[in-house]
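> only the shape, not the letters, is given here:
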């Protein structure tokens with residue numbers, strides 16, 4: 001080809017055609033690839049920038065699979081949560097069924113007490129009574145003027161009365177009367193006996209203070225021959241009650257003397273006492289008394305401190321003793337009166353007087369208290385306290401010879417029940433003031449302050465002069481009874497409190513019984529309102545039996561136990577006796593039904609365990625403690641860590657139930673329900689958390705997809721060719737090439753060979 005010579009124009013046209021061909025090749029390449037930049041030579045900046053964008057888009061696209069798997073892991077966990085929630089709901093249904101099942105105990109733990117007269121409308125019961133105080137008229141002692149108030153130590157007895165004869169002689173008129181003078185004379189004439197017309201005959205009597213002295217001829221019987229209850233002492237046979245038989249002997253053998261007669265008088269007056277055993281009588285002068293005597297030609301009669309002396313008999317006999325001036329076979333009376341003093345009451349009480357106090361009898365007796373020195377022993381079944389002898393049932397005898405006002409008050413309190421008496425084996429009585437009562441007293445003004453007691457309104461009647469002596473006969477002194485009412489209160493337990501300590505976590509009870517106002521409790525409904533908060537309930541029957549029972553929720557608990565609480569207290573427990581808390585009694589049928597529910601519940605827990613284990617995707621289980629990490633960008637800096645949970649039964653706080661322990665009562669069922677509700681709340685919380693995470697993952701998944709598109713679009717914008725432009729360029733270049741070929745042909749006809757080659 002070196003031999004061919006081309007002109008400048010031809011050469012120029014050839015170069016133009018070559019350039020056009022190159023441009024056309026480039027344009028055709030762009031049209032075929034769709035890119036304007038196919039290599040770094042085309043546009044280094046755009047090429048490498050586009051390549052970077054494409055690489056990032058590719059990296060992010062590779063992460064989409066992991067993100068998609070993460071979405072499925074979350075979906076699997078959410079599906080597991082949904083199933084677990086349904087299982088929890090099934091378990092709740094079983095627990096609720098236990099609540100609707102008959103309570104597992106035929107009898108629940110309870111305590112009870114009877115409130116007399118109580119009803120559901122008024123728990124206070126029968127009207128209660130408190131002791132009141134009633135006042136007598138003023139009692140004065142024997143101080144001159146009669147204005148000095150008596151005290152508790154003021155004696156009932158007075159100063160001993162004394163009557164001395166002016167002296168007398170025996171039957172012959174020359175022998176002074178002495179105690180040894182016989183009551184009958186030998187042959188009726190000797191000086192050793194009384195005058196003939198003064199001698200008592202067989203069957204004659206003397207009456208001394210209502211007692212009878214009978215004269216009998218002959219000798220006194222042997223102790224084995226006396227009547228039962230009587231006793232012989234020398235020439236006397238006495239019945240122990242002041243009645244005596246004097247055995248005179250015979251005219252040939254006189255027996256009884258003046259001393260015997262005086263002893264019989266002293267036995268009747270109470271100056272002397274007698275103890276009888278096996279028909280023998282032992283006679284002694286009473287404590288604090290002075291015996292009658294006959295000495296120095298005179299007879300001296302003595303009264304006791306407890307009664308005046310009155311002797312009635314044949315005038316001739318009494319005159320022979322120089323006790324009267326009357327004569328004859330008719331009766332004469334000799335009275336020996338006591339005198340009062342500052343130590344005694346101003347008015348003396350008659351022997352044998354009585355007070356009837358609330359149906360109990362107080363007898364005043366002129367004698368020393370049994371058991372004292374020289375006195376008979378205390379009768380069986382009785383007891384002595386001070387100068388009071390009591391049978392322990394409210395009946396008493398007050399002994400006048402040493403008795404005081406305090407002894408009378410003591411006897412009245414025994415009759416009203418203000419005081420009680422315990423009879424001891426040694427014949428004494430131990431007195432005690434009844435709970436909540438106050439003993440009767442005498443105030444500084446001399447008034448008896450009598451406690452009515454609570455057993456009955458006070459009612460005192462009397463015989464003899466007892467009412468008057470003790471100021472109980474009213475202002476006029478003519479009243480035949482003394483009465484006083486007790487203080488009445490509404491309800492037997494009004495004002496009392498009842499307490500229960502917290503029972504199974506309930507609110508401790510502290511109630512006061514009253515009229516239902518100001519926080520007090522009157523009705524059963526009001527009491528139950530208080531008890532309900534402490535898991536207790538109350539009922540009352542027609543007999544006033546108030547029963548406090550554990551509620552159905554805690555039917556298995558024992559009231560007052562260490563584990564359950566509910567100990568009873570308050571002032572009501574001192575006023576009424578509550579029974580010991582009973583133990584609950586199981587109902588076999590109901591317990592069997594509840595045991596079946598326990599089995600069903602445990603099966604549900606097994607399903608919860610297996611469901612949580614099966615909630616996995618691609619080996620990741622967010623409900624069994626696994627973790628999930630999702631990477632959202634190519635650098636790994638943008639990621640999400642999701643920590644799994646362990647939601648088997650234990651993880652949800654649910655434990656297998658035990659037959660005979662769980663579901664045994666409503667409280668046990670409610671405890672299970674509480675755990676189930678907590679588990680349900682936990683599942684809902686986790687579902688919310690998973691839902692939030694799933695939303696984040698899905699958003700990032702969509703974000704990455706959109707970002708890939710953005711990156712790829714940016715890359716395309718840098719490298720893609722405009723097909724419209726390139727197609728126009730191709731067309732233009734083809735035209736240009738055609739024109740250039742034609743121009744070359746025209747320019748040099750001589751070079752047809754070249755042109756031919758170009759074609």
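Structure's in. What do you need? This structure is a prediction, so every number in the text was calculated from the model and none was measured.
> hang on, residue 289 in a strand?
No - read with DSSP: H, G, I helix; E, B strand; the rest coil, residue 289 is coil and lies in no strand.
> which residues touch it?
160, 270, 271, 272, 302, 304, 305, 368, 401 (CB atoms under 8 Å, 6 or more residues apart in numbering). For every residue, glycine as well, the C-beta is placed using N, CA and C.
> now list the buried members of these.
160, 270, 271, 272, 302, 304, 305, 368, 401 (16 or more other CB atoms under 10 Å).
> and residue 103, which helix or strand is it part of?
Applying DSSP states H and E as the criterion places residue 103 outside every helix and strand.
> that one: what's it in contact with?
If you count contacts by CB under 8 Å, 6+ apart, residue 103 has them with 552, 555, 587, 590, 665, 666.
> go again using 7 Å as the cut-off
Residue 103 makes contacts with 552, 555, 590, 665, 666, as judged by CB atoms under 7 Å, 6 or more residues apart in numbering.
> residues making contact with stretch 689-700?
Around stretch 689-700, the neighbours that count as contacts under CB under 7 Å, 6+ apart are 67, 70, 71, 74, 77, 78, 81, 630, 632, 640, 642.
> of those residues, which is the nearest to residue 567?
Closest approach between the contacts of stretch 689-700 and residue 567, by CB to CB: residue 81, at 46.5 Å.
> A helix includes the closest one, no?
Yes - counting by three-state DSSP, residue 81 is found in a helix.
> just the pLDDT at it, thanks.
Note for residue 81: predicted pLDDT of 82.
> got a list of what it touches?
Per CB under 7 Å, 6+ apart, neighbours of residue 81: 683, 686, 687, 690.
> can we see that at 10 Å?
For residue 81, the contact set (CB atoms under 10 Å, 6 or more residues apart in numbering) comprises 611-612, 615, 622-623, 645, 647, 682-684, 686-691.
> which parts of the stretch 201-350 of the chain are helices?
Remark: helices assigned in the stretch 201-350 of the chain by DSSP state H, counting those that start in this stretch are 258-269, 315-320.
> hey, least reliable of those helices by pLDDT?
helix 315-320 (a mean of 90).
> quick one: contacts of that one?
165, 168-171, 177, 181, 183, 193-201, 204, 206, 215, 258, 261, 299, 311-312, 314, 323-334.
> any quick PyMOL command for the buried ones out of those residues?
Buried subset of the contacts of helix 315-320, written as a PyMOL selection, criterion 16+ other CB under 10 Å:
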select buried, resi 165+168+169+170+171+177+181+183+193+194+195+198+199+200+204+206+215+258+261+299+311+312+314+323+324+332+334
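> could you list which of the contacts of helix 315-320 belong to strands?
Among those, DSSP state E puts 206, 215, 299, 311, 312, 314, 331, 332, 333, 334 in strands.
> ok, so of these, who is nearest residue 283?
Set against residue 283, the nearest of those by CB to CB is residue 206 (17.3 Å).
> show the pLDDT at the residue nearest the centre of the chain.
The centre of the chain sits closest to residue 568, judged by CA atoms, centre = their mean, with a distance of 2.4 Å. Residue 568 is assigned 93 on the pLDDT scale.
> list the contacts for it?
Taking CB under 10 Å, 6+ apart, one finds 111, 113, 498, 499, 500, 501, 509, 548, 559, 560, 578, 581 in contact with residue 568.
> for the helices of the stretch 201-350 of the chain, give me CSV that also has distance to residue 238.
Shown next, in CSV, are these (distance: least, CB to CB, whole Å):
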stretch, distance to residue 238
helix 258-269, 6
helix 315-320, 20
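> buried deepest among these, which one?
Of the helices of the stretch 201-350 of the chain, the one with the most neighbours on average (mean count of other CB atoms under 10 Å) is helix 258-269, at a mean of 26.
> pLDDT below threshold where in the stretch 451-600 of the chain?
For the stretch 451-600 of the chain, applying pLDDT under 70 flags the ranges 488-492.
> which residue ranges of the stretch 551-700 of the chain form helices?
Counting by DSSP H, counting those that start in this stretch, the helices of the stretch 551-700 of the chain are 572-575, 588-614, 666-719.
> what about the nearest residue to residue 598 once chain neighbours are set aside, distance to residue 668?
Counting by CB to CB, 6 or more residues apart in numbering, residue 657 is the residue found nearest to residue 598 once chain neighbours are left out, at 4.5 Å. Distance of residue 657 to residue 668, computed by CB to CB, to the nearest Å: 9 Å.
> which residues are in contact with each of these two?
Shared contacts of residue 657 and residue 668, defined by CB under 10 Å, 6+ apart, comprise 95, 98, 594, 598.
> surely the third one touches residue 672?
No - Residue 594 is beyond contact range of residue 672, at 11.3 Å (criterion: CB atoms under 10 Å).
> which residues do these two both contact?
Residues touching both residue 594 and residue 672 (CB under 10 Å, 6+ apart): 98, 657, 662, 663.
> buried subset of those residues as a ChimeraX selection?
Selection of buried members from the shared contacts of residue 594 and residue 672 for ChimeraX, criterion 16+ other CB under 10 Å:
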select :98,657,662,663
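> from the shared contacts of residue 594 and residue 672, pick the one nearest residue 530.
Nearest member of the shared contacts of residue 594 and residue 672 to residue 530, counting by CB to CB, is residue 98, at 28.1 Å.
> all helices for the stretch 401-550 of the chain, in order.
Assigned helices in the stretch 401-550 of the chain, in chain order: 405-416, 466-469, 524-532 (criterion: DSSP H, counting those that start in this stretch).
> just checking, what packs against the last one?
Using 3 or more CB pairs under 10 Å, 6 or more residues apart in numbering; DSSP states H and E as the contact test, the elements touching helix 524-532 are strand 497-500, strand 509-512, strand 536-540, strand 545-550.
> want to throw these into CSV with distance to residue 469?
As requested, those are exported to CSV (distance: least, CB to CB, whole Å):
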stretch, distance to residue 469
strand 497-500, 46
strand 509-512, 47
strand 536-540, 51
strand 545-550, 49
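> turn those strands into a markdown table, columns for mean neighbour count and distance to residue 355.
Converted to a markdown table, the helices and strands packed on helix 524-532 look like this (neighbours: other CB atoms under 10 Å; distance: least, CB to CB, whole Å):
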| stretch | mean neighbour count | distance to residue 355 |
| --- | --- | --- |
| strand 497-500 | 22 | 40 |
| strand 509-512 | 20 | 41 |
| strand 536-540 | 20 | 43 |
| strand 545-550 | 21 | 40 |
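> of all those strands, which one is nearest residue 89?
strand 545-550 (30.5 Å).
> re the thing from before, can you redo the contacts of residue 289 as a markdown table with distance to residue 525 and pLDDT?
A markdown table is the format used below for the contacts of residue 289 (distance: CB to CB, whole Å; pLDDT from 0 to 100):
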| residue | distance to residue 525 | pLDDT |
| --- | --- | --- |
| 160 | 73 | 95 |
| 270 | 68 | 93 |
| 271 | 73 | 95 |
| 272 | 73 | 94 |
| 302 | 76 | 96 |
| 304 | 69 | 95 |
| 305 | 67 | 95 |
| 368 | 64 | 93 |
| 401 | 64 | 93 |
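> wait, residue 314 touches residue 205, no?
Yes - when contacts are counted by CB under 10 Å, residue 314 is listed as touching residue 205 (9.0 Å).
> identify the contacts common to those two.
Listed as contacting both residue 314 and residue 205 by CB under 10 Å, 6+ apart are 215, 331.
> on that earlier part again, contacts only, for the residue nearest to residue 598.
Listed by CB under 10 Å, 6+ apart, the contact set of residue 657 reads 94-95, 98, 594-595, 597-602, 605, 663, 668-669, 672.
> what do you get if the cut-off is 7 Å, keeping everything else the same?
So residue 657 contacts 598, 601, 602, 663, 672 (CB under 7 Å, 6+ apart).
> ok, so of these, who is nearest residue 128?
residue 663 (46.5 Å).
> measure the closest one to residue 333 for me?
Distance from residue 663 to residue 333, by CB to CB: 98 Å.
> do the same with residue 667
For residue 667, the distance to residue 333 (CB to CB) stands at 92 Å.
> repeat that for residue 596.
103 Å.
> burial count for the residue nearest to residue 131 when sequence neighbours are not counted?
Using CB to CB, 6+ apart and skipping the chain neighbours, the partner closest in space to residue 131 is residue 451 (4.9 Å). Look at residue 451: counted by other CB atoms under 10 Å, it has 26 neighbours.
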